[in-house]
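Participant: My questions are about this predicted structure, shown below with the sequence.
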Amino acid sequence: MVRNNMVAMILAGGRGTRLLELTNKVAKPAVYYGGKYRIIDFPLSNCANSGIDVVGVLTQYESILLNSYVALGSRWGLDANDSGVYVLPPREKSEGFGLYRGTADAITQNIDFVDQMEAQYVLILSGDHIYKMDYELMLRFHRENNADATIAVLEVPMREAKRFGIMECDESSRIIAFEEKPPKPKSNLASMGIYIFNWPMLKKALLEDAKNHYSSHDFGKNIIPNYLNSEKKLYAYRFKGYWKDVGTIDSLWEANMDLLKNDNQLDIQDPDWKIYTEDNASTPHFVGANGSVLRSLINQGSLIDGKVTGSVLFSNVTIKEGATVSDSVLMPGVVVESGAKVTRAIVAERVRIGANARVGHANSEEIILAAKNVKDGEKYE
Amino acid sequence: MNDAFGIINFEDQGIRIEGLMDYRPVSAISFLGRYRVIDFVLSNMVNSGIDQIQVYFKEKPRSLIEHLGNGRHYNINSKRGWLHLLGMESTIHSEVYNHDVNTFTQNLHLIQDINKPYVVIAPSYMVYSLDYSQVLKAHLENNADVTVVYKNVDNANEAFSGCDTLSFDGSKRITRMEPNRGKYKIRNISLECYVMSKKMLIELVQLAAKTSSLFRLKDMIADVLSEYNIIGYRFSGYVACLNSLSAYYNASMELISYPKAKELFKSDWPIYTRTNDSPPTVYGEGGQVEGSMVSNGCLIEGSVIHSVIGRNVVIKQGAVIKDSVLLPGCFIGKKVALNKVIVDKKALIHHIKKLEGTSTEPVYVKNRDRI
């Protein structure tokens, strides 16, 4: 806290319905990604690497796993004396019990927390985005512009702009207009859902918004438009690099496959910007005498005695002799029995693919999700 | 196991892992890619419920200190448990005097201060998975003064050279301890793991100092076999004795095989180590691996056959690594062929395109070397 007077608040309450069974029991930020990580490791590691010491994580949907996961701040090095990761689910208050009604309401309900940290700035993040970003540079930009709020933006292809919150800026990067999912976008600068606010002003705005019964208590829909209407100084901070919001099985698969490209921009190998995560005490991975691995990402603890091509394997995956896995993502503890074929699929944690079973199809249009055991010889396409 | 504390002893003068030991004690040598040798004995202690542990070193402690830190990553309770690194306060010019009894004597007040009645003493160079709480239980049941863990092996003529062999009186009581000179295949090999009361340890250390200034703890135990009830505890699991470069190499080659590795790595017996937060390993275009053990953080673009690959190793296109052990952080350039080679940490092999050793004499490439 001493270093930059900024507290990060990670919104991690979303369910991610389109991720199907993967989010039945865990919120989207806890979904596995990249052979070793959970999605929330990215914003948390970014905080740790950016010198942010205090992080609040706002959880709501199915949060048992997520709460216990993030509570151990030492995983990301956020465990020094002045540092910590604080889990903030909705709680009973003197005025009653209320779920978080929107992204802004989640912060409103935790005003006491930010006040207690005596923060000057608050950084609002989303717990389900995959990217690497130095928030310290964004804070510097915010200070230099003497801004009231700064929003990180990404240039997206013009034809996709209508799926995002779009910013219109002047030459000094000051935001002059903002439209949520505009049918006819006027620019291609998309909001990444990353905001820096001056805390005293945001606190006032949140308290006012809380009184408004017509508000959805959302940053994009209410707080940002209100700031613009009252001519506050909002600036757009341009981010260049890999950024992904994985909303569907297809996009989760694609984001994993991105890591197999030689020129992938995420570069999780960068020793100066490590992504920290839980360490399980598993052995290095074994490639057996019958095993072969091509163009893949393999985590520790796996045992490979079959053929693996173009795939991402999490920890403790077993591929038996004669099994073939291609263009797939296998989450921790998956077992692929001998003779089974897994193609263009995501296989969920601890699922067993029976002997000679078929999962997915080489020419399938959509990626198949195997969330339950597949019986010996069964076809699951 | 709240009744015992642990002592991890350093290796004695007879142990020499050529090359690798120039930079660190045996305990800190990288083993099987992701571990250091000490991780095994330390995990045994922690998994057995021992959370007050003294680690002794003789010299060059830098890499050991770095690896062990405050011991938190070994799952030691951070308030009640502790891990203390203790060295020789003053080493003597003549190496024969620098042995465990001398070190224990210098630190005897610290041993006396520990409020536990029993102690488990073990060196790090013997690698195995064993529940010491079972050994302590047997020790108490047998009413023993000292319990010595041993393994009955059938390759004492090839391995375990210089280790103590045990003879029994027909029961579990040890009647003779003498060094293994490699004449016989079948022998009871002491793992140099001793369980005894704290009082007994102090007594033996003081007695050793009085008897001969060259006596090590094992010499003292051998000397009092007739006066005390010294009992053997038979262990029948996998043991690797890392007492030379070829033993280190052979153990690495042996454990590449998954069924063999399963004898050491048990699902209910985690081996802890310091995490390096390395990403999963990337197999690039041209990467081809078979029958190998590969750690995280590597980039593999060449061929790897029957080898152990440490963390953050880079193997470029056209390189062929066979029957070799690559320690963390080394870089193998394009079209380099290695056969039976041990490459120490952060070494770079690029200009020399071919290196070949033998099983008994693997080639050793120095720490941070550039060749």
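Facilitator: Right, received. Where do you want to start? Numbers count the residues shown, from 1 in each chain, chains lettered A, B, ... in the order given.
Participant: what does the stretch 51-200 of chain B put close to chain A?
Facilitator: Contact residues, the stretch 51-200 of chain B versus chain A (Cβ under 8 Å from any Cβ of the partner chain): B:R72, B:H73. The C-beta positions use only the backbone N, C-alpha and C, and glycine is treated the same way.
Participant: any weak-confidence spans in the stretch 51-200 of chain B?
Facilitator: In the predicted model of the stretch 51-200 of chain B, no residue satisfies pLDDT under 70.
Participant: That one: strands as residue ranges?
Facilitator: Using DSSP state E, counting those that start in this stretch, the strands of the stretch 51-200 of chain B run over residues B:52-57, B:82-87, B:118-123, B:126-127, B:146-153, B:164-168, B:174-179, B:187-197.
Participant: Tell me which strands the fifth one pairs with, and in which orientation.
Facilitator: Paired with strand B:146-153 in the same sheet, following DSSP bridges, are strand B:187-197 (antiparallel), strand B:230-234 (parallel).
Participant: To B:H306, which of the strands of the stretch 51-200 of chain B lies closest?
Facilitator: The closest of those to B:H306 is strand B:126-127. By Cβ to Cβ, the value is 19.9 Å.
Participant: which other helices and strands contact that closest one?
Facilitator: Counting contacts by 3 or more Cβ pairs under 8 Å, 6 or more residues apart in numbering or on different chains; DSSP states H and E, strand B:126-127 packs against helix B:38-47, strand B:187-197, strand B:240-241.
Participant: how does chain B divide into domains?
Facilitator: B:4-264, B:282-365 (automatic domain parsing).
Participant: ok so, going back, the helices and strands packed on strand B:126-127 into JSON lines, with extra columns for mean neighbour count?
Facilitator: JSON lines is the format used below for the helices and strands packed on strand B:126-127 (neighbours: other Cβ atoms under 10 Å in any protein chain shown):
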{"stretch": "helix B:38-47", "mean neighbour count": "25"}
{"stretch": "strand B:187-197", "mean neighbour count": "23"}
{"stretch": "strand B:240-241", "mean neighbour count": "24"}
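Participant: Report the mean confidence score over stretch A:147-165.
Facilitator: For stretch A:147-165, the mean pLDDT works out to 94.
Participant: next one: stretch B:246-255
Facilitator: Stretch B:246-255 comes out at a mean pLDDT of 96.
Participant: Enumerate the positions of it that are buried.
Facilitator: Using 16 or more other Cβ atoms under 10 Å in any protein chain shown as the test for burial, stretch B:246-255 gives B:S246, B:A247, B:Y248, B:Y249, B:N250, B:A251, B:S252, B:M253, B:L255.
Participant: Please see if that stretch touches chain A.
Facilitator: No: judged by Cβ under 8 Å from any Cβ, stretch B:246-255 makes no contact with chain A; its nearest approach is 9.3 Å.
Participant: Send over that stretch as PDB, restricted to the C-alpha atoms.
Facilitator: Extracted C-alpha coordinates of stretch B:246-255, given in PDB (Å, rounded to 0.1, in the frame of the first residue of the first chain):
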ATOM      1  CA  SER B 246      28.000 -42.800 -11.700                       C
ATOM      2  CA  ALA B 247      25.600 -43.700  -8.900                       C
ATOM      3  CA  TYR B 248      23.800 -40.400  -9.400                       C
ATOM      4  CA  TYR B 249      23.700 -41.100 -13.200                       C
ATOM      5  CA  ASN B 250      22.400 -44.700 -12.800                       C
ATOM      6  CA  ALA B 251      19.700 -43.600 -10.300                       C
ATOM      7  CA  SER B 252      18.500 -40.900 -12.700                       C
ATOM      8  CA  MET B 253      18.400 -43.400 -15.600                       C
ATOM      9  CA  GLU B 254      16.600 -46.000 -13.500                       C
ATOM     10  CA  LEU B 255      13.900 -43.600 -12.300                       C
END
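Participant: So which residues make contact with that stretch?
Facilitator: If you take Cβ atoms under 8 Å, 6 or more residues apart in numbering or on different chains as the criterion, stretch B:246-255 is touched by B:17, B:20, B:29, B:31-32, B:127, B:159, B:240-242, B:260-261, B:264, B:293, B:306, B:308, B:323, B:325, B:340, B:342, B:359-362.
Participant: Which of these fall in strands?
Facilitator: Assigned to strands by DSSP state E, the following of the contacts of stretch B:246-255 qualify: B:F31, B:V127, B:A240, B:C241, B:M293, B:V308, B:V325, B:I342.
Participant: burial count for the first one?
Facilitator: If I follow you right, that is B:F31. 27 (other Cβ atoms under 10 Å in any protein chain shown).
Participant: thought it was touching B:T273?
Facilitator: No: judged on Cβ atoms under 8 Å, B:F31 makes no contact with B:T273 at a distance of 9.8 Å.
Participant: Can you add distance to A:I319 and give the strands paired with strand B:146-153 back as a markdown table?
Facilitator: Output for these, formatted as a markdown table (distance: least, Cβ to Cβ, whole Å):
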| stretch | distance to A:I319 |
| --- | --- |
| strand B:187-197 | 35 |
| strand B:230-234 | 37 |
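Participant: Tell me the pLDDT of A:S83.
Facilitator: Confidence score, pLDDT, at A:S83: 88.
Participant: returning to that earlier point: report the set of residues contacting both of B:F31 and B:T273.
Facilitator: Going by Cβ under 8 Å, 6+ apart, residues that sit against B:F31 and also against B:T273 are B:D39.
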